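Chemist: This is a predicted model, with the sequence first.
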Amino acid sequence: MKHTEEKIPRGVWVRLLIYIAVGHVFAAFIYLLFELGAQQ
């Protein structure tokens, strides 16, 4: 665990997790819009 943390900075991990979380929320929001649009 220690040697992998030295290779990759902590800020990069945080930024990566934020990008993944935002991407999933954005994709879910678009999917929800298409589902609601298809029902109407």
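Modeler: That came through fine. Residues are numbered from 1 along each chain as shown.
Chemist: For the protein, which residues score under the pLDDT cut-off?
Modeler: Residue ranges of the chain with pLDDT under 70: 1-6.
Chemist: Nearest residue to the middle of it?
Modeler: The centroid of the chain falls nearest to Ile20 when counting by C-alpha atoms, centre = their mean (1.7 Å).
Chemist: element containing that one, please.
Modeler: helix 10-39 (DSSP states H and E).
Chemist: Could you name the helices and strands sitting against that helix?
Modeler: For helix 10-39, there is no helix or strand it packs on, judged by 3 or more C-beta pairs under 8 Å, 6 or more residues apart in numbering; DSSP states H and E. For every residue, glycine as well, the C-beta is placed using N, CA and C.
Chemist: chain center to it, what's the gap?
Modeler: 6 Å (C-alpha atoms, centre = their mean, to the nearest Å).
Chemist: Please apply the same query to stretch 29-40.
Modeler: With C-alpha atoms, centre = their mean, you get 20 Å for stretch 29-40.
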